[in-house]
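>>> Would you be able to build a 3D model of this:
(one chain, ligands or ions: 2)
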Amino acid sequence: MSNIVIRHANIVTPVGNSARRGKEMDMLTVIPDGAIVISDGRITYCGADRNLKAELVSECHESIDACGRVVLPGFVDSHTHLVFGGYRPDEFEWRLKGDSYMSIMERGGGIQSTVNATRVESYSELKKKAEWFIDRMVSMGVTTVEAKSGYGLDVATEVKMLDVIDSLSKDADRKLRVVATFLGAHAVPQEYKGRTAEYVDFMIREMIPAVKGKAVFCDIFTEKNVFEIDDSRRFLQAAREAGFKLKLHADEIVTLGGAELASEMGAVSADHLLHVSDQGVARMAESGTVATLLPLTAFALREPFAPARKFIDSGAAVALATDLNPGSCFSGSIPLTIALACIYMKMSVEETITALTLNGAAALDLASETGSIEVGKSGDVVILEFENYRMLPYYVGMNCVNTVISRGRIVAHN
Ligand code: NIG
Ligand code: FE
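Ligands and ions are numbered 1, 2, ... in the order given. Got it, this is the predicted structure:
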């Protein structure tokens, strides 16, 4: 038995077991002098400190006085590529000088360059690197992270990546919850160049059966000159039939109809959406597919930010995530994500908090497990440095997390 109590907390949380849509994203519950009890990893009390029963407190082995500071749900980073071989700083410099992300990819660099490095890097090298990122993420308040494969593009390396991801959830001191996504459809590998349909056949025939049970989600880079709509639909149908939940990299570089396809297929989320059409926004608002926006990628690629306001004002559910990867966005910064969402995407601080907590959880189909501070949910909470949650974007790009509690255990104290 391990029980922990947090007293005199300014609790700030969205509530519910599903994504908050449209105007609901702006509504947070605030308990000014609150207390939270976490017993064996689950929240068993969340309410006014003065109503906390003495016997509940006496059962707690650890007591934290938040001294009026803000306590939020742990952040959910629902889109990352945190396992990868090598680095691509040269491409970053080429882009600074005007090269485009897609032209580098078409020359055989980009994702293929990380694929070459990942195929030769050992399981333990890949794991060590990912653990370095996990430690940084935890210190920024992340208690749930999604991690994608997609730098193998052959059966053996995709399986190696998913095994690394699985081990991260089991060891790494179990600091956070890790959700695995199979992204064999990240690019057409060199050996299939010009034969996209054959690669899709190969994934359906050989890869999907090989990774079944190793990932919850299946994702695809639906993009012009990568996997276009018909190939994407065919692949996603096969993945869905095999029991995977679906995600898409949609409308990232050009408007292609990825958002519409995600809605049609009942995908849990469609991600990026920098170039989503108005029709795509409307379809996602109808279907409830979560719009996962990744402002760090737009920032790093010098692209326009995704139309967060259009999504929210149309009644859609928006989540925010980092997209940490070695190419388009080599950052897993939660504080910078918050700043960009508020400054450039015109999201309110309340909407931003919802997008990084409950809606991030919904983007992983985990909204009844985490993403809010409510009795019955996992004990995933973050204590900030200050007493007013509106200070969050004001500290531009600075980490203001004091203590991180993940499944009832203190995993970071800055
Ligand atoms: O989300 N666009 C596709 N995938 C990643 C980038 C991966 C890479 O460049 O290595 C993204 O932006
Ligand atoms: Fe991505």
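>>> Just the strands from the stretch 301-414 of the chain, written as ranges.
In the stretch 301-414 of the chain, the strands defined using DSSP state E, counting those that start in this stretch lie at 318-320, 381-384, 401-406, 409-413.
>>> just those strands: most buried one?
Most buried of the strands of the stretch 301-414 of the chain, by mean neighbour count (mean count of other C-beta atoms under 10 Å): strand 318-320, with a mean of 32. No exception for glycine: its C-beta is placed from N, CA and C like everyone else's.
>>> Throw the strands of the stretch 301-414 of the chain into TSV and include mean pLDDT and distance to ligand 1, thanks.
Formatted as TSV, the strands of the stretch 301-414 of the chain follow (pLDDT from 0 to 100; distance: least, C-beta to the nearest ligand atom, whole Å):
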stretch	mean pLDDT	distance to ligand 1
strand 318-320	99	14
strand 381-384	98	25
strand 401-406	98	25
strand 409-413	95	26
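>>> Quick one, which of the ones you listed gets closest to residue 308.
Residue 308 lies closest to strand 318-320 among these, at 5.8 Å (C-beta to C-beta).
>>> ok, residues contacting the closest one?
19, 25, 76, 78, 269, 290-295, 308, 311-312, 337-338, 341, 347, 351-352, 355-356, 359-360, 362-363 (C-beta atoms under 8 Å, 6 or more residues apart in numbering).
>>> Relative to the whole chain's centre, how far out is it?
Between the centre of strand 318-320 and the centre of its chain there are 9 Å (C-alpha atoms, centre = their mean, to the nearest Å).
>>> Can you give the strand pairings for that strand, parallel or anti for each?
Counting by DSSP bridges, the strands paired with strand 318-320 are strand 290-293 (parallel).
>>> Report the buried residues of the partner strand.
290, 291, 292, 293 (16 or more other C-beta atoms under 10 Å).
>>> How far away from the center of its chain is that strand?
For strand 290-293, the distance to the chain centre is 10 Å (C-alpha atoms, centre = their mean).
>>> cool, and stretch 244-257?
15 Å.
>>> List the buried residues of it.
244-253, 255-257.
>>> In a markdown table: those residues, plus secondary structure and pLDDT.
Shown next, in a markdown table, are those (DSSP: H, G, I helix; E, B strand; the rest coil; pLDDT from 0 to 100):
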| residue | secondary structure | pLDDT |
| --- | --- | --- |
| 244 | coil | 98 |
| 245 | strand | 98 |
| 246 | strand | 99 |
| 247 | strand | 98 |
| 248 | strand | 98 |
| 249 | strand | 98 |
| 250 | strand | 98 |
| 251 | coil | 98 |
| 252 | coil | 96 |
| 253 | coil | 95 |
| 255 | coil | 97 |
| 256 | coil | 98 |
| 257 | coil | 98 |
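>>> so where's the stretch 301-414 of the chain uncertain?
Of all residues in the stretch 301-414 of the chain, none has pLDDT under 70.
>>> which bits of it sit near ligand 1?
Counting by C-beta under 6 Å from any ligand atom, the stretch 301-414 of the chain comes close to ligand 1 at 323, 325, 326, 327, 328.
>>> What separation is there between the last one and residue 257?
Counting by C-beta to C-beta, to the nearest Å, the gap between residue 328 and residue 257 amounts to 21 Å.
>>> Can you tell me which residue of the stretch 251-400 of the chain sits closest to ligand 1?
The minimum distance from the stretch 251-400 of the chain to ligand 1, using C-beta to the nearest ligand atom, falls at residue 327 (2.3 Å).
>>> what's around that residue, how many residues?
Using other C-beta atoms under 10 Å, residue 327 has 25 neighbouring residues.
>>> Tell me how far stretch 145-161 lies from the chain's centre.
17 Å.
>>> pull the CA atoms of it into CSV?
What follows is stretch 145-161, C-alpha atoms only, in CSV (Å, rounded to 0.1, in the frame of the first residue of the first chain):
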residue,chain,number,x,y,z
VAL,A,145,3.6,9.6,-23.8
GLU,A,146,2.9,8.1,-27.1
ALA,A,147,5.8,6.7,-29.1
LYS,A,148,5.8,5.6,-32.7
SER,A,149,7.8,3.1,-34.7
GLY,A,150,8.3,4.0,-38.3
TYR,A,151,12.1,4.3,-38.8
GLY,A,152,12.5,0.6,-39.7
LEU,A,153,10.1,0.1,-42.6
ASP,A,154,11.1,-3.5,-42.6
VAL,A,155,9.7,-6.2,-40.3
ALA,A,156,12.8,-6.7,-38.2
THR,A,157,13.5,-3.0,-37.4
GLU,A,158,9.8,-2.1,-36.9
VAL,A,159,9.7,-5.0,-34.3
LYS,A,160,13.0,-3.8,-32.8
MET,A,161,11.5,-0.3,-32.3
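>>> Residue 144: helix or strand, and which one exactly?
Per DSSP states H and E: residue 144 is located in strand 142-148.
>>> Kindly state the beta-bridge partners for the nearest residue to residue 359 once chain neighbours are set aside.
Nearest in space to residue 359, with sequence neighbours left out and distances taken as C-beta to C-beta, 6 or more residues apart in numbering, is residue 319 at 4.1 Å. Beta-bridge pairing for residue 319 (DSSP bridges): residue 292.
>>> Could you check how far residue 319 is from residue 230?
Distance from residue 319 to residue 230, by C-beta to C-beta: 27 Å.
>>> Which pair in the buried residues of strand 290-293 has the greatest spatial separation?
290 and 293 (9.8 Å).
>>> so what's the residue nearest in space to the middle of the chain up against?
The residue lying closest to the centre of the chain (C-alpha atoms, centre = their mean) is residue 78, at 1.5 Å. Shown in contact with residue 78 (C-beta under 8 Å, 6+ apart): 144, 146, 179, 269, 292, 319, 321, 360, 361, 363, 364.
>>> Nice, that's everything, thank you.
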